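A.B. asks: Got a predicted structure here, sequence first:
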Amino acid sequence: MAKLFWQSLLAVPAALGAAVAVSGSAIAAESAVTTQVSNFDQEPIQLAQITSVSELTDVLPSDWAFQALQSLVENYGCIQGYPDRTFRGQRSLTRFEFAAGLNACLDVIATLIAQSGINPDDLATIRRLQEEFQAELATLRGRVDALEAETATLRAQQFSTTTKLRGQADFHLVTPFDTLPTDTSTSVAARARLNFDSSFTGNDRLRIRLQSGQGDAATGFGLANAGGADYNVTVDDFYYSFPLGNRVTVTAAARGLAADDWVTSTILPYDGPGVFDPSGPLFYDFGGSSSNGAGLGVSIAFTDSLILDAGYTAGNAGATSPGVGLFAAANQSYIAQLNLLTDGFFNAAATYLHSDGVAIGVPGSTDTFAGLVNLDFGGFFLAGHGAFTSFEGGDTFSWSAGAGFNNFLAEGTQLGVYVGEAPSVGNKPFFVEGYYEIPFNQFLTVTPSLFYGDTRDAAGGDTTGFWGALRATFRF
């Protein structure tokens, strides 16, 4: 009898263990033939009683929780399946299903106790265990109460149920070592961004970005995270992105997306950690693709690694130019990029970009064909790109190549250097940057940098310069 009693007690942890270990099984259980389970979002489900785990068509002996399920079915009879005889062990467990499963196994315990009675010694053991763990149970109860109170407070004071606020602030201190007539002293540049990201289905995103800034580096190239005038606040991004099925994502933009904004990745590891603008491939911006206009983009994932991105931007398609419209704007650009993104050694992309030549000094429209590649050796990478651009009356070839070490001296850091030539109608500007990105914590990243640039002025002016920069990035 005592053996039977202890077996009945074991049914409870077995039931709870199966529910938790399977991480949300779709089985509700009861000792009756069928059980009705419902929630606020679905119609009631009638669950069918099973007598053997083999009746569940999607449970295999090789599954890690197979023995636990087999014990609950054959020893206690408190597991049921869906009407199609599936277990759905990878789906999230609802509170209704958990309650039904727990109730079923408690019914089994009650039946066993009623049939066999309780031995006074067993009852004394249970009471002793109760008293022994009374302090721990009280502590757990207090923690749960505190969590519930904190959760209630957060819900009452939350900013929004659909929107998250994310911010980034970049501060730059730039010092010229080899001074130019227009750049003789240390300067400061800063930029601040506030992103309001809203989701209505869990898979979509509406982004509205407010941006303000002041200053840049007088290098002929500029800083990657700078821009703006007198800290005037502007709407820098305004777009909505949503999925169509499992493999297609569509993005409609009112402002802020052009050229490389439409692509999944620019491939190069120094795009982002680099302080100066050439760290991001400059061919994306050559030809004047404007981010101030409206646009439409699509991303198609043929596989998890092979992704095609395409985007179109019209620079003056808004209500202030109704006679121009979305597809007749003089300032237009479109891009297509095929990406190979893996978790391994080789990542690459092939790009075609067309712009209608609105950039200052670029005659007519431009057509660019480019390739990007990154070889990841683990802690070390080699990367680069090449781009051929044709325009009215000529063409230009731009390139960059770089190398770096990830986690150099500390976790999360990146030490890198890259060199290259920028696209240009005249003489090709040359640049070199070395940087060391240091994340102090999840909120602050500091990046010291050394930069050499030569814009090779066609008029013969001395435009060669050497700069040092320190960037502090705060994320919140």
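C.D. replies: On my side now, so go ahead.
A.B. asks: Report the mean confidence score over stretch 163-181.
C.D. replies: Stretch 163-181 shows a mean pLDDT of 87.
A.B. asks: With just CA atoms, put it into PDB.
C.D. replies: The C-alpha coordinates for stretch 163-181 follow below in PDB (Å, rounded to 0.1, in the frame of the first residue of the first chain):
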ATOM      1  CA  THR A 163       6.000  50.700 -29.300                       C
ATOM      2  CA  LYS A 164       9.600  50.600 -28.000                       C
ATOM      3  CA  LEU A 165      11.800  53.600 -27.700                       C
ATOM      4  CA  ARG A 166      15.500  53.100 -28.600                       C
ATOM      5  CA  GLY A 167      18.100  55.700 -28.700                       C
ATOM      6  CA  GLN A 168      21.700  56.300 -29.800                       C
ATOM      7  CA  ALA A 169      24.000  59.200 -29.300                       C
ATOM      8  CA  ASP A 170      27.500  59.600 -30.900                       C
ATOM      9  CA  PHE A 171      30.100  62.100 -29.700                       C
ATOM     10  CA  HIS A 172      33.300  62.700 -31.800                       C
ATOM     11  CA  LEU A 173      36.500  64.500 -30.800                       C
ATOM     12  CA  VAL A 174      38.500  65.000 -34.000                       C
ATOM     13  CA  THR A 175      42.100  66.400 -34.100                       C
ATOM     14  CA  PRO A 176      44.100  67.100 -37.300                       C
ATOM     15  CA  PHE A 177      47.800  66.200 -37.000                       C
ATOM     16  CA  ASP A 178      48.800  67.400 -40.500                       C
ATOM     17  CA  THR A 179      46.600  70.600 -40.700                       C
ATOM     18  CA  LEU A 180      44.900  72.000 -43.700                       C
ATOM     19  CA  PRO A 181      44.000  75.600 -44.200                       C
END
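A.B. asks: I figured residue 301 was touching residue 338, is that so?
C.D. replies: No - applying Cβ atoms under 8 Å as the test, residue 301 and residue 338 come out as separate, 11.6 Å apart. For the C-beta atoms, the positions are set from N, CA and C on the backbone; glycine is no exception.
A.B. asks: joint contacts of the two?
C.D. replies: residue 307 (Cβ atoms under 8 Å, 6 or more residues apart in numbering).
A.B. asks: Give me the helix or strand of the chain that scores worst on average pLDDT.
C.D. replies: helix 2-21 (a mean of 43; mean pLDDT, DSSP states H and E).
A.B. asks: Buried ones in the helix or strand where residue 175 lies, by neighbour count?
C.D. replies: Following DSSP states H and E, one finds residue 175 within strand 163-178. Of all the residues in strand 163-178, those buried under the rule 16 or more other Cβ atoms under 10 Å are 168, 169, 170, 171, 172, 174, 176.
A.B. asks: Quick one: residues contacting the fourth one.
C.D. replies: Applying Cβ under 8 Å, 6+ apart, one finds that residue 171 lies in contact with 188, 189, 190, 471, 472, 473, 474.
A.B. asks: The third one too?
C.D. replies: Applying Cβ under 8 Å, 6+ apart, one finds that residue 170 lies in contact with 190, 191, 192, 225, 226, 471, 472, 473, 474.
A.B. asks: Would you map the helices across this protein?
C.D. replies: Secondary structure of the chain, counting by DSSP state H: helices at 2-21, 66-71, 95-116, 120-132, 134-157.
A.B. asks: Mean neighbour count added to these, as TSV?
C.D. replies: Converted to TSV, the helices of the chain look like this (neighbours: other Cβ atoms under 10 Å):
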stretch	mean neighbour count
helix 2-21	16
helix 66-71	17
helix 95-116	17
helix 120-132	11
helix 134-157	10
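A.B. asks: Redo the ones you listed as a markdown table? Include distance to residue 52.
C.D. replies: As requested, the helices of the chain are exported to a markdown table (distance: least, Cβ to Cβ, whole Å):
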| stretch | distance to residue 52 |
| --- | --- |
| helix 2-21 | 16 |
| helix 66-71 | 8 |
| helix 95-116 | 17 |
| helix 120-132 | 31 |
| helix 134-157 | 37 |
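A.B. asks: Residue 453 contacts residue 430, doesn't it?
C.D. replies: Yes - between residue 453 and residue 430 there is a contact at 7.2 Å, judged by Cβ under 8 Å.
A.B. asks: neighbour count winner among these two?
C.D. replies: residue 453 (24 against 16; other Cβ atoms under 10 Å).
A.B. asks: Let's see the pLDDT reported for the residue located most distally from the centre of the chain.
C.D. replies: Largest separation from the mean C-alpha position in the chain: residue 120, at 58.9 Å (Cα atoms, centre = their mean). pLDDT recorded at residue 120 is 73.
A.B. asks: Distance of it relative to residue 126?
C.D. replies: Noted for residue 120: a distance of 11 Å to residue 126, by Cβ to Cβ, to the nearest Å.
A.B. asks: Who is residue 253 paired with across the strands?
C.D. replies: Counting by DSSP bridges, residue 253 is bridged to residue 239, residue 295.
A.B. asks: residues touching it, list them.
C.D. replies: 237, 238, 239, 240, 294, 295, 296, 297, 313.
A.B. asks: wait, doesn't the last one sit right on residue 295?
C.D. replies: To tie it back to what came earlier, the one meant is residue 313. Yes - look at residue 313 against residue 295 with Cβ under 8 Å: they come within range, at 3.8 Å.
A.B. asks: Buried residues, stretch 199-216. List them.
C.D. replies: Buried residues in stretch 199-216 (16+ other Cβ under 10 Å): 205, 206, 207, 208, 209, 211, 212, 213, 214, 215, 216.
A.B. asks: now, among those, which is nearest to residue 403?
C.D. replies: residue 216 (27.0 Å; Cβ to Cβ).
A.B. asks: Which residues are in contact with that closest one?
C.D. replies: Residue 216 makes contact with 189, 222, 223, 226, 227 under the criterion Cβ under 8 Å, 6+ apart.
A.B. asks: Residue 189 too?
C.D. replies: Shown in contact with residue 189 (Cβ under 8 Å, 6+ apart): 171, 172, 174, 213, 214, 215, 216, 217, 223, 226.
A.B. asks: least confident pick among those residues?
C.D. replies: Out of the contacts of residue 189, that is residue 217, at 75.
A.B. asks: That residue - how many residues pack around it?
C.D. replies: For residue 217, using other Cβ under 10 Å, the count is 24.
A.B. asks: Name all residues that make contact with residue 302.
C.D. replies: 247, 308.
A.B. asks: can you do 7 Å?
C.D. replies: Applying Cβ atoms under 7 Å, 6 or more residues apart in numbering to residue 302 gives the contacts residue 308.
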